[in-house]
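J.: Build me a model from this:
(2 chains, ligands or ions: 1)
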Amino acid sequence: MLNQVFDVALVAYVLALLLAAVNLFAPRRLLDALATAGLAVGVLAVTVYLGARWVAAGRAPFSNMFESLVLFAWTIPLVQLVLRARGLMPAAMTTTTALLAVLLLVYASAFHSSEIQPLMPALRSNWLTFHVLSCLLGYGAFAVSCLASLGYLGASREARPTPSGNQELFAAIMTRTVSFGFLFLTVGIVTGAVWANVAWGTYWSWDPKETWSLITWLIYAVFLHGRYLRGWTGRRMAWLSILGFLSVLVTYVGVNYLMKGLHSYAS
Amino acid sequence: MNANEQEQRSDDRREPAARPFDAVALLSSMRFAVGLVIAIAAACAVATLLPQGPAVAERLQHDPEAGRWLKRLAAAGLTNVFSAWWFIGLLTTLGASLAACVARRVKALGASAAGRTRRRMAGTLCVHVGLLLTLLGGVIRLGWSERGTIQLREGEQVAFFNTDDQRRADLPFTLQLVKFEIERYPAPGASTATAQPAHAEMLAIQWPGEDAGEEGPVEIGVAREVKPPASASATNQDWRVTVLRRVPDFVVDTNTRTVQSRSAQMVNPAILVRAFGPGVAVERWLFARYPDFDMDALGAHQGQPLPFKMLYRVLVNAPEKPRSKTFKSTLRILHGATVVREQTIEVNAPLLYGGYGFYQATYDASEEDLSWTGLLVVRDPGVPVVYLGFVLLLAGVTVTACWRVDGASRPAKEKVPC
Ligand code: HEM
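T.: Numbering: from 1, shown residues only, chains lettered A, B, ... in the order given. A predicted model of the protein is given here:
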């Protein structure tokens, strides 16, 4: 049953991707609506999948690389849907978020086992649920922000709105998602620290994953100060947001492969 | 207007009477803070890419050549970044910057009118004070915390622990281990009634003088060529051996004299084998449990001798050791002879008492001696300060995240009137 739900999610995301891509080149309201519906069905299916897995495993399904990739394929389109509901709807964003979701699901099922495994003692904690969920919500928002930044850098400078999105729209998405992501990253880091203190007797041990999450946090803190206090706008913000997301990627996957640490998650 | 002028202007607006050099103004300036943050982030990134602390010795062991550049790195304070004086210095300066900013904002907050702006300012203030407290907690940890380990056997008690820097630190009470136990996940498959351990079934051909014989898989209907070893030259013709049938629980129906399997379980596993050689063709039942007993197939020619022995072996793979779910120590805190506290700790659930935390850390991984437990002991008076910092940080960030500076409908350059 689980596998079928996974497939439904994948098919929905693929359809959303195709429809949104067509809409990008031949804009039609109907196409846009259908693509968004596809994304919504995908999010719903992943929700059901994670819920069923939660029940089957008797614990939150956020404890290995496979599960976290699926969660990532949930948060990215979710953030996109929320933005859309708030009127920020360049077609380029639907396309790219659907693409990321498809890639994540395909990568997860191709390279990681979907088998439900028992938890090692250190991971048996409710803090895990809050910690991983908020980190991945943050990462989802930062991913969308990075896509908007790329859109910003690639978009024409004219203020005339185009269906695929103009600079002003991308800039608004960029800032909005960074604020949102920053909140959840902060929650993620704090819950992680509290959990570490409960499990290892220390809230911070400069392990590479912790350190990189701090670097990410600092980059976005600079972004927010520049944006809100100095009124920074434009390409500088776009590049900062891209840099921030690169740091997210190092935190999320790079650390597992490149550096030794306590967060042995991928193995 | 470039950023420089902008900075100048906003600082002028805030402090009309700024002197040529004003340490507080410098510290609390955004540019200075951003510079510091970038420096700290860069130092952190470098530190995760270079070997740090214990990893240096390890690296040297594997690669003595690395010694030269490691020494240079060490001299530059890059092999222990997070405890290097310059890194602590950066963090301290960051703290000073935050403190200066907070001091300035508190004044401004007092002066400003109530309302949205005031709420926002309070939010930011919360964030900065939260960060400041977190850093302060870190300072307390550096100066006043103790960490160490205790190994205890069941029944034993101690009133001290060995610190990480090889000292002996006394506890203001006595700690006793009542019990240690490991809890495991159920063995894989054990929950389902039909599950069986994995089997490997072999048919071995043993020539006289051989110890074990040559093993081959049990495959129904597949003929296997059997060649005598070079030493047994007397019978150097080839034989063929074929497994015809296999039953997991052998039984002969006494009426019909047919062989059946009583159950699907491997209770009395047997195979029917045909051996075909020069002038001989026999069919025999072999029993895994009774290697010295074989039985000619009913109706086949009886008693023809074979120059080799056939053995049916069923190797039952020992079920995988179930993975440990958690390990627990039941601890007692004693004042003199009175027990003031008894608690079972496990990973993720420590015992906190009198400013000390006792964490389940290790046990005998070889599992030969499960009567002792390894505990981590921590006393860090900075933790409450850090936690208070976390609360303020979260509250402040929540408030500030609700800001809407720009939206699709608003001019992108609007500044927050903080
Ligand atoms: C690495 C952490 C941070 C450092 C070092 C830092 C430092 C500073 C400094 C030095 C100022 C200038 C103060 C002044 O002009 O008097 C400032 C202002 C400000 N910061 Fe931060 N900050 C940090 C984190 C944050 C975070 C996480 C937020 C919000 C999400 C934030 C929001 C603000 C705001 C809104 C202001 C301007 C309002 C004010 O001055 O009260 N800061 N920050």
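J.: got the contact list for A:R53?
T.: A:2, A:61, A:67, A:116 (Cβ atoms under 8 Å, 6 or more residues apart in numbering or on different chains). To be clear about C-beta, it is placed using only N, CA and C from the backbone, and glycine gets the same treatment.
J.: List the contacts of the third one.
T.: The contact partners of A:E67, by Cβ under 8 Å, 6+ apart, come to A:50, A:53, A:61.
J.: Residue 131: neighbour count?
T.: Picked chain A for this. By other Cβ atoms under 10 Å in any protein chain shown, the residues close to A:H131 number 22.
J.: To clarify, I was referring to chain B.
T.: Using other Cβ under 10 Å, B:L131 has 20 other residues around it.
J.: does it sit in a helix, a strand or a coil?
T.: Look at B:L131: counting by DSSP: H, G, I helix; E, B strand; the rest coil, its state is helix.
J.: so it touches B:V397, yeah?
T.: No - using Cβ atoms under 8 Å, B:L131 makes no contact with B:V397, being 10.2 Å away.
J.: For the residue of the stretch 151-267 of chain A found nearest the ligand, which non-adjacent residue is spatially closest?
T.: Closest contact between the stretch 151-267 of chain A and the ligand, by Cβ to the nearest ligand atom, is at A:A221 (4.6 Å). Nearest non-adjacent residue to A:A221, counting by Cβ to Cβ, 6 or more residues apart in numbering or on different chains: B:V37, 6.5 Å away.
J.: that older thread, does the residue of the stretch 151-267 of chain A closest to the ligand belong to a helix or a strand, and which?
T.: Assigned by DSSP states H and E, A:A221 falls within helix A:208-229.
J.: cool, and B:L272?
T.: strand B:270-277.
J.: who's in contact with that strand?
T.: So strand B:270-277 is contacted by B:201, B:203, B:218, B:226, B:237-247, B:250, B:259, B:281-288, B:297, B:306-307, B:310, B:312 (Cβ under 8 Å, 6+ apart).
J.: List the buried residues for that strand?
T.: B:270-275, B:277 (16 or more other Cβ atoms under 10 Å in any protein chain shown).
J.: Show me the contacts of A:E67 that map onto strands.
T.: Residues of these located in strands (DSSP state E): none.
J.: between those residues, which is closest to A:L15?
T.: A:L15 has its nearest neighbour among the contacts of A:E67 in A:L50, at 20.4 Å by Cβ to Cβ.
J.: Next one: that closest one relative to A:T191, how far apart?
T.: 19 Å (Cβ to Cβ, to the nearest Å).
J.: What is the burial count for the residue nearest to A:A221?
T.: 20.
J.: quick one: contacts for it?
T.: B:V37 touches A:218, A:221-222, B:94, counting by Cβ under 8 Å, 6+ apart.
J.: Turn these into a markdown table, columns for distance to B:A230.
T.: Shown next, in a markdown table, are those (distance: Cβ to Cβ, whole Å):
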| residue | distance to B:A230 |
| --- | --- |
| A:L218 | 75 |
| A:A221 | 80 |
| A:V222 | 80 |
| B:L94 | 81 |
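J.: Let me know the angle separating the helix or strand where B:H128 lies from helix A:208-229.
T.: Assigned by DSSP H and E, B:H128 belongs to helix B:116-144. Interaxial angle of helix B:116-144 relative to helix A:208-229 (axes from the mean of the first three to the mean of the last three Cα atoms, to 10 degrees): 150 degrees.
J.: Show me what secondary structure element comes after helix B:116-144.
T.: strand B:146-153.
J.: Could I have the CA atoms of stretch B:166-183 written out in CSV?
T.: Provided in CSV are the C-alpha atoms of stretch B:166-183 (Å, rounded to 0.1, in the frame of the first residue of the first chain):
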residue,chain,number,x,y,z
GLN,B,166,42.2,13.4,34.1
ARG,B,167,41.3,14.9,37.4
ARG,B,168,39.3,13.4,40.2
ALA,B,169,36.2,15.5,41.0
ASP,B,170,34.2,14.9,44.2
LEU,B,171,30.4,14.6,44.1
PRO,B,172,28.4,16.1,47.0
PHE,B,173,26.5,12.9,47.2
THR,B,174,26.9,9.2,46.5
LEU,B,175,25.8,7.5,43.3
GLN,B,176,24.9,3.8,43.2
LEU,B,177,24.2,1.5,40.3
VAL,B,178,21.2,-0.8,41.1
LYS,B,179,20.8,-2.5,37.8
PHE,B,180,21.9,-2.3,34.1
GLU,B,181,20.0,-3.9,31.3
ILE,B,182,19.7,-3.9,27.5
GLU,B,183,16.4,-3.8,25.8
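J.: Does that stretch reach chain A?
T.: No - applying Cβ under 8 Å from any Cβ of the partner chain, one finds stretch B:166-183 out of contact with chain A, separated by at least 9.0 Å.
J.: How far off centre is that stretch?
T.: Put simply, stretch B:166-183 sits 24 Å off its chain's centre (Cα atoms, centre = their mean, to the nearest Å).
J.: same thing with stretch A:237-257?
T.: That offset, for stretch A:237-257, works out to 12 Å (Cα atoms, centre = their mean).
J.: go on, stretch A:14-32?
T.: Its chain's C-alpha centre and that of stretch A:14-32 lie 22 Å apart, by Cα atoms, centre = their mean.
J.: repeat for stretch A:72-89
T.: 10 Å.
J.: show me what contacts the residue nearest to the spatial centre of chain A?
T.: The centroid of chain A falls nearest to A:G140 when counting by Cα atoms, centre = their mean (1.7 Å). A:G140 sits next to A:72, A:74-76, A:78-79, A:181 when contact means Cβ under 8 Å, 6+ apart.
J.: So it versus chain B, what's the distance?
T.: Noted for A:G140: a distance of 15 Å to chain B, by Cβ to the nearest Cβ, to the nearest Å.
J.: my read is that residue is in a helix, agree?
T.: Yes - under three-state DSSP, A:G140 falls within a helix.
J.: about what we covered before: in CSV, list the contacts of B:V37 along with pLDDT.
T.: Listed next are these as CSV, based on pLDDT from 0 to 100:
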residue, pLDDT
A:L218, 97
A:A221, 95
A:V222, 94
B:L94, 94
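J.: Could you identify the most distant pair in those residues?
T.: Greatest spatial distance among the contacts of B:V37 (Cβ to Cβ): A:V222 and B:L94, at 12.8 Å.
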